[in-house]
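# Pasting the sequence and the predicted coordinates here, then a few questions.
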Amino acid sequence: MKSAGFRYLLYLNNRFPNMDVLTESIRKMTDKLYCLPCDEAAGKEALPLNCAFEFVIGNLTLVPISHDTGWRTMPFHVCCTRVNDCPGEINTVEIAGRPPFRTQTRDLIFIPAGVTHRICDFDTGEPPLSLWIHFRFRMLDSFDAFEFFDMPNMIPAAETGKLLQLMRRLVEMPRKLNFSESVLQQLTGVAFCAELLSFGKLRSDLDENLDSKLRRFQPVMQRIENASSMPSVADLAKMVNLSGSRFRAVFHQLCGMSPGQYFESVRFQRGCLLLTQSDYSIGEIAGMLGYCSPFHFSAKFRKRSGFSPSEFRLRHRSAQ
């Protein structure tokens with residue numbers, strides 16, 4: 001199929017015969033660009049997933065000797081490592097439901113969003129210099145891309161060179177980004193996620209209809225994310241013409257949790273954002289999120305994150 005521009009040149013040639021040399025030259029260039037069979041074979045027909053990277057917070061931080069994060073659950077992915085040289089093991093990582101493991105300098109720790117964990121540094125004689133970022137990587141606006149991969153919680157230092165380079169680039173950017181810096185941050189973040197995902201494996205329980213399921217459930221996810229209170233499962237199932245039980249099964253496959261848990265996760269993420277990016281009081285945030293009282297919000301938030309809302313706000317603002 002010829003381009004509109006080429007068809008217009010043919011029209012001009014019919015009206016102005018002396019343009020035949022120019023037309024032939026354009027035809028040859030067009031053939032080279034669009035018409036050779038090898039060009040079709042070289043095309044990449046990727047799914048339009050609309051992937052987006054979000055840098056939540058990160059830094060290169062000198063932390064106290066024998067630092068202990070305490071048990072915590074974050075609404076975003078966590079990557080961290082110690083970058084100052086220290087021989088031997090430097091910390092213990094505990095993840096709920098899994099055996100603890102120890103790491104060495106420049107081993108990269110990866111904790112997925114929503115996973116309860118604790119990181120304890122050993123007393124190695126000098127304060128650890130920690131390179132860390134909190135981030136999200138979504139596709140189709142709502143789905144966590146890492147949810148579809150089995151990811152290791154630790155990547156050994158021998159394989160983390162490119163990852164640490166990209167992390168440093170992200171944390172060294174200014175806090176307020178202009179247009180070109182924002183473009184660079186997105187590209188760097190996507191490159192970081194692509195490198196990180198290369199250490200994972202696509203979950204074995206996912207079927208060939210994953211793409212159609214994602215698109216089918218996208219309006220469901222958006223409804224939950226925009227709701228002030230949890231919609232009924234019956235109403236959500238009706239949106240995708242499924243029974244309640246089948247809806248729950250597919251939803252859990254796509255999100256790794258129930259619809260109610262997903263709603264609470266979204267509400268928790270909103271709370272984290274309001275605590276770190278606004279000056280609203282705890283009571284005002286509780287009301288904005290639909291909690292019946294500040295006490296109820298604080299209790300739920302502490303249970304999920306390991307910190308009270310005030311502690312969470314103080315810790316994350318001091319890290320910025």
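Cool, the structure landed.
# Flag every buried residue along stretch 124-135.
Residues of stretch 124-135 classed as buried: 124, 128-135 (neighbour count, 16 or more other C-beta atoms under 10 Å). Any C-beta I mention is one placed from the backbone N, CA and C, and that applies to glycine too.
# Quick one: end-to-end length of that stretch, please.
Terminal residues of stretch 124-135 lie 29 Å apart, using C-alpha to C-alpha, to the nearest Å.
# Please, which helix or strand holds the most centrally placed residue in the chain?
Geometric centre of the chain, nearest residue: F137, 1.7 Å, by C-alpha atoms, centre = their mean. Element membership for F137 (DSSP states H and E) is strand 129-139.
# residues making contact with the following helix or strand past that strand?
Next in sequence after strand 129-139, counting helices and strands by DSSP H and E, comes strand 143-144. With C-beta atoms under 8 Å, 6 or more residues apart in numbering as the test, strand 143-144 has contacts from 113, 136-138, 214, 218, 221, 254-255.
# go again using 7 Å as the cut-off
Residues outside strand 143-144 that contact it (C-beta atoms under 7 Å, 6 or more residues apart in numbering) are 113, 138, 214, 254.
# Would you map the helices across the stretch 201-320 of the chain?
Assigned helices in the stretch 201-320 of the chain, in chain order: 210-226, 233-239, 244-255, 259-277, 282-288, 294-305, 309-318 (criterion: DSSP state H, counting those that start in this stretch).
# State the mean pLDDT of the longest one.
Read that as helix 259-277. In this model, helix 259-277 carries a mean pLDDT of 90.
# roughly how far is that helix from the heart of the chain?
15 Å (C-alpha atoms, centre = their mean, to the nearest Å).
# quick one: contacts of it?
Counting by C-beta under 7 Å, 6+ apart, helix 259-277 makes contact with 75, 114, 224-225, 230, 233, 236, 251, 255, 257, 280, 285, 288-289, 301, 304, 309, 312-313, 316-317, all of which sit outside it.
# Now list the buried members of those.
75, 114, 224-225, 230, 233, 236, 251, 255, 285, 289, 301, 304, 309, 312-313, 316.
# Lowest-scoring secondary structure element of this protein by mean pLDDT?
helix 4-15 (a mean of 56; mean pLDDT, DSSP states H and E).
# could you measure the residue nearest to the centre of the chain against M257, distance?
17 Å (C-beta to C-beta, to the nearest Å).
# cool, L236 as well?
Relative to M257, and taking C-beta to C-beta, L236 is found at 14 Å.
# One more: Y291?
20 Å.
# Quick check: the two most widely separated of the contacts of strand 143-144?
Between any two of these, the greatest separation by C-beta to C-beta is 17.8 Å, found for A113 and L214.
# neighbour count winner among those two?
A113 (21 against 18; other C-beta atoms under 10 Å).
# you'd agree that one is up against V78?
No - contact criterion C-beta atoms under 7 Å: A113 and V78 do not qualify, at 8.1 Å.
# T81 looks like it's in a strand, true?
Yes - checked against DSSP: H, G, I helix; E, B strand; the rest coil, T81 lies within a strand.
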